[in-house]
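> no letters, just coordinates:
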């Protein structure tokens with residue numbers, strides 16, 4: 001079995017859209033993108049396919065992703081990006097471009113904001129990390145073949161080569177991916193539990209893992 005890691009491209013848009021949707025759900029029936037978009041799977045994937053090619057380039061842009069191929073087939077992906085102060089303004093601008101392209105109205109925007117309020121109020125506070133790892137998922141038929149482990153090694157090497165010092169990855173409390181991160185050397189940092197998030201998605205909160213990566 002051969003695992004090849006490469007940078008994501010615009011041609012990966014449908015695949016990366018499925019990765020974003022799957023990673024946001026993890027072990028839950030619904031995830032953050034379901035709340036933001038408020039559509040069925042087809043509608044969510046259309047939105048996310050546009051987002052991964054939208055300008056300005058955000059942490060959801062295809063170039064932020066590493067893609068793992070197993071025997072030439074897209075198997076898994078992971079987003080790695082600097083945790084700079086402007087990242088959320090770029091995300092907001094990219095989301096606006098997608099929403100405008102899909103013809104969202106003011107009512108659509110207001111409904112999205114209302115649905116997602118429990119998520120934003122439960123975000124983890126800054127932990128001092130300068131490299132973020134998010135949007136990690138593997139297709140079901142490729143689980144257990146080492147694709148995520150290879151992706152984690154690749155993004156840590158990339159961050160180290162660029163001079164970053166501390167990587168973080170966060171997920172829902174109870175997600176089985178926590179064991180994968182610990183196996184890769186990440187250690188538990190903190191968690192935040194919120195009744196509003198549990199009511200919205202069925203998870204008690206978020207958990208974060210950290211990994212020092214400086215040479």
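Looks like it arrived, so ask away. Please read all numbers here as calculations on a predicted model, not as lab measurements. Numbering: from 1, shown residues only.

> got the buried residues for stretch 132-141?
Neighbour counts over stretch 132-141 (16 or more other CB atoms under 10 Å) mark 132-139 as buried. C-beta coordinates here come from the backbone N, C-alpha and C atoms, glycine included.

> please read the previous query as pertaining to stretch 196-204.
Buried residues in stretch 196-204, counted by 16+ other CB under 10 Å: 197, 200-201, 203-204.

> now do stretch 27-46
Of the residues in stretch 27-46, those buried (16+ other CB under 10 Å) are 31-38, 44-46.

> of those, closest to residue 102?
residue 46 (7.5 Å; CB to CB).

> wait, is that closest one part of a helix?
Yes - in this structure, residue 46 lies within a helix as judged by DSSP: H, G, I helix; E, B strand; the rest coil.

> give me the distance between it and residue 13.
10 Å (CB to CB, to the nearest Å).

> how about the spatially most central residue of the chain: what's its closest non-neighbour residue?
In the chain, the C-alpha nearest the mean C-alpha coordinate belongs to residue 135, at 2.1 Å (CA atoms, centre = their mean). Spatial nearest neighbour of residue 135, chain neighbours left out: residue 79 (3.9 Å); criterion: CB to CB, 6 or more residues apart in numbering.

> any stretches of this structure with poor pLDDT?
Low-confidence segments of the chain, defined by pLDDT under 70: 215.

> where do the strands sit along it?
With DSSP state E as the criterion, the chain has strands at 3-7, 65-70, 73-82, 131-138, 166-172, 187-193, 205-212.

> could those strands go into CSV alongside distance to residue 104?
Shown next, in CSV, are those (distance: least, CB to CB, whole Å):
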stretch, distance to residue 104
strand 3-7, 30
strand 65-70, 25
strand 73-82, 24
strand 131-138, 22
strand 166-172, 27
strand 187-193, 30
strand 205-212, 27
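
> nearest to residue 98, out of those strands?
Nearest to residue 98, of these and by CB to CB, is strand 131-138 at 15.8 Å.

> just checking, residue 94 touches residue 64?
No - using CB atoms under 8 Å, residue 94 makes no contact with residue 64, being 11.1 Å away.

> touching both of those two, which residues are there?
Shared contacts of residue 94 and residue 64 (CB atoms under 8 Å, 6 or more residues apart in numbering): 57-58.

> re the thing from before, dump the buried residues of stretch 132-141 to a markdown table, plus distance to residue 9.
Converted to a markdown table, the buried residues of stretch 132-141 look like this (distance: CB to CB, whole Å):
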| residue | distance to residue 9 |
| --- | --- |
| 132 | 21 |
| 133 | 20 |
| 134 | 19 |
| 135 | 16 |
| 136 | 19 |
| 137 | 18 |
| 138 | 19 |
| 139 | 18 |
